[in-house]
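A.B. asks: give me the fold of what follows.
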Amino acid sequence: MNLNFLKNKSILISGGTGSIGSAIIKRLIKTKCKVIRIMSNDENGLYELSRELNLSSFAFDNFSKDMKKNKIRFFLGDVRDLKRCRQVSKDVDIVIHAAALKHVSIVEYNPQEAYQTNVIGTKNMIQAAIRNKVSKFILISTDKVVSPSSYMGKTKAIAEKIIFKKNSRSKTKTSIIRFGNVLGSRGSVVPNFIKLLKNKRDITVTNIRMVRFVMSINEAVNSIFKSLFLMKGNEIFISKSMKCFRIFDLAQTLIKYFKIHKGRKNKIYISNKHSGEKYEEELYSESEIPYIFIKNNLFVITKKKVKQNFKVIKLLNKYRVSNYNFLNHSQILKYLKKCKIL
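C.D. replies: The predicted structure follows:
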């Protein structure tokens, strides 16, 4: 995708040391943007990312020079801190708000912490962006906001509402992009399964009926840039090209792969569904369907109803829930290789 629209733009990525945030940064470095601001409360994550980007992070003088030379700025800060959000977003054109607590099981045990980051953090960041007259603000969200059954989904759903209810008099354009499971991202199911198999341990799947929408990190980043280019404000973007597979089929595919290539013999154990888990995920609700149009391989949800023919309505109903056209074992393997995970 051509990213010329980012030329001479100052861009802030909150949660910039996460899997998606760091992938965005590596793409931005190759553009002609003015400056890339990376905000994270993970000090070691900032350090590791600076090393990965070949910055001289051992001496402050060299580190400072390298930041200016490579149009990168590392900001240690938490989105829970409104003052810090204001400082970091000053003189910024675009905010990509990726900071969030995302792991369902951890969030279920720590709901108040999730509220502070996912809800208050989003509120702080959008308030700071509006105050600093940021041009575009995009929130990275999740399919778990639709009919949410977990605290993670519920807090991200509130975050979406905050973005849509922002001051209408503000010139800051705000939009949202929803993802399914991003394969290869830190703590996601595929790296976890692979780590278990490499350590000669068995895999546990909570239920053979579990189905998820999936996409690669590269596909996720492409969708973000595409949404930033297209956004006019008050939209929710969702990639139309996401795949679906059963978690049980993924486990079988990986076990077979490791048996053939590594000589490993592992088993799959079935446990009970965890608190907050759903058998299927939804990209959008039934009530959102009348507000969706399709553009550039994206579902775009707007505030106003759009004209739809029968074919479009049928397609939208088909794609809504992760219960169709599952990838089989060979397709899963091919997709993992395409994503450079295997």
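
A.B. asks: so which residues of this structure form strands?
C.D. replies: Assigned by DSSP state E, the strands in the chain fall at 10-14, 35-40, 72-76, 94-97, 136-142, 173-179, 181-183, 203-205, 211-216, 235-239, 243-246, 268-270, 292-295, 298-301.

A.B. asks: so what does the second one touch, helix or strand wise?
C.D. replies: Here strand 35-40 touches strand 10-14, helix 19-28, helix 43-52, strand 72-76, going by 3 or more CB pairs under 8 Å, 6 or more residues apart in numbering; DSSP states H and E. Backbone N, C-alpha and C define where each C-beta goes, glycine included.

A.B. asks: the last one: which residues count as buried?
C.D. replies: Within strand 72-76, the residues that count as buried by 16 or more other CB atoms under 10 Å are Ile72, Arg73, Phe74, Phe75.

A.B. asks: pull the most distant pair out of the residues you listed.
C.D. replies: Ile72 and Phe75 (10.5 Å; CB to CB).

A.B. asks: just give me the neighbour total for Pro111.
C.D. replies: Counted with other CB atoms under 10 Å, the neighbours of Pro111 add up to 15.

A.B. asks: quick one: contacts for it?
C.D. replies: For Pro111, the contact set (CB atoms under 8 Å, 6 or more residues apart in numbering) comprises Tyr151, Thr155.

A.B. asks: circling back: okay, the buried residues of strand 72-76 in JSON lines with distance to Arg86 and pLDDT next?
C.D. replies: Formatted as JSON lines, the buried residues of strand 72-76 follow (distance: CB to CB, whole Å; pLDDT from 0 to 100):
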{"residue": "Ile72", "distance to Arg86": "21", "pLDDT": "93"}
{"residue": "Arg73", "distance to Arg86": "16", "pLDDT": "95"}
{"residue": "Phe74", "distance to Arg86": "18", "pLDDT": "95"}
{"residue": "Phe75", "distance to Arg86": "12", "pLDDT": "97"}
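
A.B. asks: out of those residues, which is nearest to Leu298?
C.D. replies: Nearest member of the buried residues of strand 72-76 to Leu298, counting by CB to CB, is Ile72, at 28.7 Å.

A.B. asks: hang on, that closest one packs against Asn54?
C.D. replies: No - counting by CB atoms under 8 Å, Asn54 is not a contact partner of Ile72; they are 10.7 Å apart.

A.B. asks: which helix is the longest one in the chain?
C.D. replies: For the chain, the helix that runs over the most residues, judged by DSSP state H, is helix 247-262.

A.B. asks: how far off strand 211-216 does it point, in degrees?
C.D. replies: 50 degrees (axes from the mean of the first three to the mean of the last three CA atoms, to 10 degrees).

A.B. asks: show me what helix 247-262 is packed up against.
C.D. replies: Contacts defined by 3+ CB pairs under 8 Å, 6+ apart place helix 247-262 against helix 189-198, strand 203-205, strand 268-270, helix 329-338.

A.B. asks: could you redo the last one with a cut-off of 6 Å?
C.D. replies: strand 203-205, helix 329-338 (3 or more CB pairs under 6 Å, 6 or more residues apart in numbering; DSSP states H and E).

A.B. asks: buried sites along the longest one?
C.D. replies: If you call a residue buried by 16+ other CB under 10 Å, then helix 329-338 has these buried ones: Ile332, Leu333, Tyr335, Leu336.

A.B. asks: likewise stretch 38-49?
C.D. replies: By neighbour count with 16+ other CB under 10 Å, stretch 38-49 contains the buried residues Ile38, Met39, Ser40, Asn41, Asp42, Gly45, Leu46, Leu49.

A.B. asks: what is the nearest of those residues to Lys303?
C.D. replies: Nearest member of the buried residues of stretch 38-49 to Lys303, counting by CB to CB, is Met39, at 29.0 Å.

A.B. asks: surely the closest one meets Arg73?
C.D. replies: No - Met39 is not in contact with Arg73 according to CB atoms under 6 Å; the separation is 9.1 Å.

A.B. asks: tally of neighbours for the closest residue to Asn118 other than its chain neighbours?
C.D. replies: Nearest non-adjacent residue to Asn118, counting by CB to CB, 6 or more residues apart in numbering: Thr155, 3.8 Å away. Thr155 has 26 neighbouring residues, counting by other CB under 10 Å.

A.B. asks: what of Ile217?
C.D. replies: 20.

A.B. asks: wait, isn't it in contact with Ser22?
C.D. replies: No - contact criterion CB under 6 Å: Ile217 and Ser22 do not qualify, at 9.2 Å.
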